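A.B. asks: I would like to see how this sequence folds:
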Amino acid sequence: MLADEINRAPAKVQSALLEAMQEKQVTLGDDTHPLEEPFLVLATQNPVEQEGTYPLPEAQSDRFMLKVRVNYPERGEEKEILRRAGLSSLPELKPQATREQVMAAREALAGVYVDDKIQEYVLDLVSATRRPKDFGLSLEHLIAFGASPRATLFMVRGAQAFAMLRARPYVLPDNVKAVALDVLRHRIQVSYEAEAEGVNGEEVARRILEQVRVP
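C.D. replies: Alright, predicted model coming up:
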């Protein structure tokens, strides 16, 4: 499911989406309808225009595995956009994988080996968002709330997927670093002091990644 400009959805709609993401079901009156697997939620959020928008509750934001920043397209990409904009009909969409193949890939993901040192590294990164002093980081004045346990689970899961896409049966520290920023940027709630300094969750996560020791 794609939720376009999710921050324009009122609280009642966001509450319904929260149930779909967490419980994998939707409720209409007294009837509950389970959602067929695999079920995935993608959402866009306009970070510029804030008029007429509703802030995402922390509980809902936390349920998104990744928050990926989409920058302006490169020149070649924008030229391709121009080319496609003139097409009289849209290209035909063709399935790239069956449901069975997607479910099999999910199961195979669990078989990607995560060494104990890698697990400790992930725990260090997430713990540093909560207790930066323990890791010699002077960031406590910038952080109101650190990342939740979901960050730990999703960082490992993301690193496993990153390794599998490169046909590697084990996770490297670089795989963790490749997904860590996308996992953490929306889970670190910064303090008023940080906002005054123009520091957001992404910047805090970047500093943690630069300073926490890599195994």
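A.B. asks: what ranges do the strands span in the chain?
C.D. replies: Ranges of strands in the chain, per DSSP state E, are 2-3, 25-28, 31-34, 42-43, 143-145, 189-190.
A.B. asks: With respect to residue 57, which of those lies nearest?
C.D. replies: strand 189-190 (12.0 Å; CB to CB). C-betas here are computed from N, CA, C, even on glycine.
A.B. asks: Direction included, what does the closest one pair against?
C.D. replies: strand 143-145 (antiparallel) (DSSP bridges).
A.B. asks: Check which residues of the strand it pairs with are buried.
C.D. replies: residue 143 (16 or more other CB atoms under 10 Å).
A.B. asks: Run through who's touching it.
C.D. replies: Contact with strand 143-145 is made by 58, 129-130, 132, 188-192, 194, 204, as judged by CB atoms under 8 Å, 6 or more residues apart in numbering.
A.B. asks: got it, and stretch 91-101?
C.D. replies: Residues outside stretch 91-101 that contact it (CB under 8 Å, 6+ apart) are 38, 105.
A.B. asks: Can I get the strands of the chain in a markdown table including distance to residue 161 and mean pLDDT?
C.D. replies: Output for these, formatted as a markdown table (distance: least, CB to CB, whole Å; pLDDT from 0 to 100):
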| stretch | distance to residue 161 | mean pLDDT |
| --- | --- | --- |
| strand 2-3 | 20 | 85 |
| strand 25-28 | 25 | 85 |
| strand 31-34 | 25 | 90 |
| strand 42-43 | 16 | 88 |
| strand 143-145 | 27 | 93 |
| strand 189-190 | 26 | 92 |
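A.B. asks: ok so, going back, so which pair among the contacts of strand 143-145 is furthest apart in space?
C.D. replies: 58 and 132 (19.6 Å).
A.B. asks: if we can go back for a sec, which of the contacts of strand 143-145 fall in helices?
C.D. replies: 58, 129-130, 192, 194, 204 (DSSP state H).
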